[in-house]
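In: Have a look at this fold, sequence not included:
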Ligand SMILES: [Zn+2]
Ligand SMILES: [Zn+2]
């Protein structure tokens with residue numbers, strides 16, 4: 001279980017996008033070897049956010065590659081395992097504490113490079129940081145102009161028959177989610193790749209994203225009618 005990508009450019013330099021959870025180090029090591037790359041070819045570790053299923057192996061990844069950890073500074077508390085979850089979101093903290101205990105992942109790690117919205121990163125032919133807060137406060141996507149592709153993190157999950165926003169217990173600032181959905185819509189990428197998905201097909205996820213927005217708009221409109 002986990003969600004991460006190894007992005008390799010034409011100079012055979014790579015970045016790791018998120019680090020996954022249980023079993024991921026073995027998978028990443030095997031993948032990097034199959035690509036004929038050394039660990040030091042990985043020049044950066046990029047994090048969409050600090051939840052355990054994305055950042056659980058970041059200490060391992062940093063030690064293995066020597067690469068700096070790039071994340072939004074508001075994710076540092078998550079990486080320390082010390083985010084002050086409140087309300088229903090406390091369940092997320094409980095799940096993470098259990099995950100740390102059971103799987104032995106999630107050792108605290110410092111952010112080496114603080115990301116900010118709009119920042120251009122020199123990886124994979126250029127990646128732009130797109131701050132998409134709501135799921136967590138420092139949640140970021142990464143946009144590749146060259147591929148017209150947005151890695152959308154946990155903005156939404158995309159599975160056959162089940163395209164959805166993250167469940168409420170996992171969202172730290174749900175009031176910020178609508179603006180982040182709108183920001184992604186305006187960016188209008190040809191391809192979208194979320195971190196939780198069934199098939200690696202950016203065009204499919206883009207269409208599903210549009211379908212989700214349509215469904216959410218319908219729901220809001222119907223609710224509006226009921227109120228009236
Ligand atoms: Zn998450
Ligand atoms: Zn996730």
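Out: Looks like it came in fine. Remember, it's a predicted structure, so these values are computed and weren't measured experimentally. Ligands and ions are numbered 1, 2, ... in the order given.
In: who's in contact with the spatially most central residue of the chain?
Out: Within the chain, the residue whose C-alpha comes closest to the C-alpha centroid is residue 153; the distance, by Cα atoms, centre = their mean, is 2.8 Å. When contacts are counted by Cβ atoms under 8 Å, 6 or more residues apart in numbering, residue 153 touches 18, 48, 49, 54, 132, 135, 139, 140, 141, 194, 195. Where you see a C-beta, it was placed from the backbone N, CA and C, and this is true even at glycine.
In: Just among these, which is most surrounded?
Out: By neighbour count, taken as other Cβ atoms under 10 Å, the most surrounded of the contacts of residue 153 turns out to be residue 139 (33 neighbours).
In: Wait, a strand at residue 143?
Out: Yes. Looking at residue 143 with DSSP: H, G, I helix; E, B strand; the rest coil, it is inside a strand.
In: before we move on, back to that, go through the contacts of residue 153 and name the one nearest residue 185.
Out: Nearest to residue 185 among the contacts of residue 153: residue 132, at 11.3 Å, using Cβ to Cβ.
In: Pull up the gap between the nearest residue to the closest one once chain neighbours are set aside and residue 165, please.
Out: Of all residues beyond its chain neighbours, the one nearest residue 132 is residue 180 (4.0 Å), with distances taken as Cβ to Cβ, 6 or more residues apart in numbering. Here residue 180 is placed at a distance of 10 Å from residue 165 (Cβ to Cβ, to the nearest Å).
In: Who has more neighbours out of these two?
Out: Residue environment comparison for residue 180 versus residue 165 gives the larger neighbour count to residue 180, 22 against 19, counting by other Cβ under 10 Å.
In: ok, the more buried one touching residue 134?
Out: Yes. In terms of Cβ atoms under 8 Å, residue 180 counts as a neighbour of residue 134; the distance is 4.9 Å.
In: what is in contact with the two at once?
Out: Taking Cβ under 8 Å, 6+ apart as the contact criterion, the common neighbours of residue 180 and residue 134 are residue 155.
In: Enumerate the positions of whichever helix in the chain runs longest that are buried.
Out: Longest helix of the chain, by residue count under DSSP state H: helix 202-227. If you call a residue buried by 16 or more other Cβ atoms under 10 Å, then helix 202-227 has these buried ones: 202, 204, 205, 206, 208, 209, 212, 213.
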